[in-house]
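Undergrad: sequence plus the predicted model coming up.
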Amino acid sequence: MPISDYDNVKEVRISRDELYELVWTERQSDIAKKYYISENGLIKKCQEWNIPMPNLKYWIQLKDTTNPPTKVPLPQYSGYDMVYLKLREDYEKKKESIQKKISNIKKEIEEDSNVNLKVPERLTNPDPLIATARDRLYKKEVYRKSQGIIHHNQGSIGIYVTPSQLNRALRFMDTMIKALRSRGHHFINQNGSAHLAIYGEDYRISCQEKERRIKITNEYGRQESQLEPTGRLSFRLGESYFRKEWTEGKIPIEEQVSKILASVEYRGRKDHEERIENEKQWEERRQKQLMEKEIQDKKEKELDDFKEIFKLSLRHDKAQAIRRFADKLEQSALSNNDLGNETQKRIEWIRKKADWFDPFIESYDELLDGIDRDELVLHKQSFYLLKD
């Protein structure tokens, strides 16, 4: 699973009490410079944790060492009170390293004579994926949104734009796809839509027109919000949390092909390397678990074997005790001149039961056949007798 480029940047754990002391000791701007958090984000976190914050008057009075201001006490709070903040310096170093790698890839792409980075004024000889998207979109085989966005990505590249931006989107995406193919990458069908396969990874890609939320008055005179197309195009790689997006601003998206292509290749390489490393770590953990399980299985077998020996030794000792009891019974009968036929039968019966119970003999006994020698329990059967 791919992770964020900045997930491995060092983090500092800060408790609610520590954050309270921090905001009353350092200004918000200084905290935002030290940690990767905006001043607005800091205010929201303090509001979430019910941490009072100093006003401007407090900082002015703080300069007066003879009469320093007092802090507002920290109220009680019962929620989770631990936040992890990245050090801005480490974050910026990571960002600089990433930008340098992307810049090197961009230079390599721009020097590659096989790659056309210029978006044409007209769509000519389109890539099959774009031709399919174009035919379906212009033939109105599309899904429509209430704000006029049209799209159709079944078996083709995802394009979500208003009709006025469709030609631009098709020309830009055609250039991107051809450039990706020239760089040795290809496309595969995943769940009915085309995905980019790059360095062993695959991503859903699309071109989307950005929207903004506006307030309108509905037919009942009530205020509500809706999305309105802006005319600005964006290129999206991936989905959900792991989605990366490039949006045009002052620079049209047609002039960002090499930059976007370099960023896409960087993302593919990074995700591939991380996946290989994750698989390596997973395999190491698996092998370690197998070894631990093997040792555990050996211990379990050793213990089971010992328990069996212990159980048999107890049975042998008890069998010997039964024999000693038979000998004592016989001696007592002789001493009392009472060794009659019934007593002799009783003593013989006891000795046979000792032989049945002894693990070294385990002689056959018709009436005890099927009885577990360790449990010595008769599992009774229910009988439903017919009446005479």
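TA: Ah, there it is.

Undergrad: for the helix or strand where residue 271 lies, packing partners?
TA: Using DSSP states H and E, residue 271 sits within helix 257-335. Helix 257-335 makes packing contacts with helix 88-110, helix 166-182, strand 193-198, strand 201-217, strand 223-237, strand 244-247, helix 341-357 when contacts are defined by 3 or more C-beta pairs under 8 Å, 6 or more residues apart in numbering; DSSP states H and E. The C-beta positions use only the backbone N, C-alpha and C, and glycine is treated the same way.

Undergrad: please redo it, this time with the cut-off set to 6 Å
TA: In terms of contacts (3 or more C-beta pairs under 6 Å, 6 or more residues apart in numbering; DSSP states H and E), helix 257-335 is packed against helix 88-110, strand 201-217, helix 341-357.

Undergrad: got CSV for those, with distance to residue 314 and mean neighbour count too?
TA: As requested, these are exported to CSV (distance: least, C-beta to C-beta, whole Å; neighbours: other C-beta atoms under 10 Å):
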stretch, distance to residue 314, mean neighbour count
helix 88-110, 66, 15
strand 201-217, 63, 16
helix 341-357, 11, 15
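
Undergrad: what about residue 245, neighbour count?
TA: 12 (other C-beta atoms under 10 Å).

Undergrad: that one bridge partners, please.
TA: residue 236 (DSSP bridges).

Undergrad: numbering from 311 from now on, please.
TA: Will do, 311 is the new start, and the previous item becomes residue 555.

Undergrad: how far away is it from residue 333?
TA: When distance is defined by C-beta to C-beta, to the nearest Å, residue 555 is 33 Å away from residue 333.

Undergrad: do the same with residue 421
TA: 50 Å.

Undergrad: neighbour count winner among those two?
TA: Shown here are residue 421 and residue 333; by other C-beta under 10 Å, residue 333 has more neighbours (20 against 8).

Undergrad: wait, doesn't the more buried one sit right on residue 363?
TA: Yes - the pair residue 333 / residue 363 is scored as a contact, 5.4 Å apart, by C-beta atoms under 6 Å.

Undergrad: what's the overlap in contacts for these two?
TA: Overlap of the contact sets of residue 333 and residue 363 (by C-beta atoms under 6 Å, 6 or more residues apart in numbering) is empty.

Undergrad: output the below-cut-off pLDDT ranges for this protein.
TA: Counting by pLDDT under 70, the low-confidence segments of the chain come to 311-318, 450-457, 463-465, 696-698.

Undergrad: relative to the centre of it, find the outermost residue for me.
TA: Distance from the centre of the chain peaks at residue 647, with 85.5 Å (C-alpha atoms, centre = their mean).

Undergrad: sec struct for that residue, please.
TA: Following DSSP: H, G, I helix; E, B strand; the rest coil, we place residue 647 in the coil state.

Undergrad: now it: how far from residue 659?
TA: Counting by C-beta to C-beta, the gap from residue 647 to residue 659 is 21 Å.

Undergrad: now do residue 625
TA: 19 Å.

Undergrad: and residue 578, by the same measure?
TA: Residue 578 is 85 Å from residue 659, by C-beta to C-beta.
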